[in-house]
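Engineer: Sequence first, then the predicted structure, then my questions.
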Amino acid sequence: MTTTIPDLWSNDIKADVLPPVAVLKAQEGLLARKTKGMLQAEVSTLGSGGLVQHQFDLLAPGLNWYRARVLTATHDAEMLYPVMVTSEAFESPRKTGLNPALLTALDPSRIQRQAATDEDFIELVRIVLQSDRVRSLISSLLARMHPQPSQSPVEDPVPPSQHGGEATGPTE
């Protein structure tokens with residue numbers, strides 16, 4: 001009797017794995033296209049102490065190059081996965097009365113998620129980019145760049161003769 005040894009490897013192993021920076025770089029051009037160049041995304045990469053950090057920022061050229069950090073992705077210099085994604089978009093809106101920066105300093109895991117594969121990483125980036133926080137940021141920046149309509153004088157809907165009191169115009 002022969003025994004068949006099963007395949008014990010994970011089913012999500014594939015040959016064409018994307019590095020985290022490639023996923024982020026692809027999003028740069030997509031945002032500019034969606035906003036007709038009014039907003040841009042920029043990926044910058046820093047390396048230190050055997051770690052690599054990719055910073056993903058939104059830029060608003062029309063607002064004196066306003067910059068807002070959307071997420072960071074940190075991984076080992078040799079092992080691209082797992083990658084730790086840090087973003088305020090992961091934070092659940094809670095009314096604690098405490099300073100959010102203090103809460104994050106006490107518990108950084110509130111705004112961090114780990115991706116073991118490129119598919120996990122793509123899903124985490126999707127969650128951040130489609131979050132209420134990022135969508136609100138984008139809407140606010142775009143609204144601030146549109147010229148405000150000039151305000152015309154508000155017409156009084158009540159004719160002067162119905163205001164009560166004396167008429168101020170000529171009388172016949």
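Structural biologist: Received the coordinates, thanks.
Engineer: Tell me the spacing between Ala68 and Ser109.
Structural biologist: Separation of Ala68 from Ser109 (CB to CB, to the nearest Å): 22 Å. C-beta here means a position set from N, CA and C on the backbone, and glycine is covered the same way.
Engineer: Next: Lys25.
Structural biologist: 27 Å.
Engineer: higher neighbour count, the two?
Structural biologist: The residue with more neighbours, out of Lys25 and Ser109, is Lys25; 16 against 11, by other CB atoms under 10 Å.
Engineer: who's in contact with that one?
Structural biologist: Val43 (CB atoms under 8 Å, 6 or more residues apart in numbering).
Engineer: Just the element for it, please.
Structural biologist: helix 20-34 (DSSP states H and E).
Engineer: Tell me the buried residues in that helix?
Structural biologist: Residues of helix 20-34 classed as buried: Pro20, Val21, Val23, Leu24, Lys25, Gln27, Leu31 (neighbour count, 16 or more other CB atoms under 10 Å).
Engineer: Output that helix in PDB with nothing but the alpha carbons.
Structural biologist: Taking Å, rounded to 0.1, in the frame of the first residue of the first chain, the C-alpha atoms of helix 20-34 are listed here in PDB:
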ATOM      1  CA  PRO A  20       4.900  47.000  -1.800                       C
ATOM      2  CA  VAL A  21       6.500  50.000  -3.500                       C
ATOM      3  CA  ALA A  22       5.100  48.900  -6.900                       C
ATOM      4  CA  VAL A  23       1.600  48.800  -5.500                       C
ATOM      5  CA  LEU A  24       1.900  52.300  -4.000                       C
ATOM      6  CA  LYS A  25       3.600  53.700  -7.100                       C
ATOM      7  CA  ALA A  26       0.700  52.500  -9.300                       C
ATOM      8  CA  GLN A  27      -1.700  54.600  -7.200                       C
ATOM      9  CA  GLU A  28       0.300  57.800  -7.800                       C
ATOM     10  CA  GLY A  29      -0.800  58.100 -11.400                       C
ATOM     11  CA  LEU A  30      -4.300  56.900 -10.800                       C
ATOM     12  CA  LEU A  31      -5.100  59.700  -8.300                       C
ATOM     13  CA  ALA A  32      -3.800  62.400 -10.700                       C
ATOM     14  CA  ARG A  33      -5.900  61.000 -13.500                       C
ATOM     15  CA  LYS A  34      -9.000  60.800 -11.400                       C
END
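Engineer: after it comes which helix or strand?
Structural biologist: strand 40-48.
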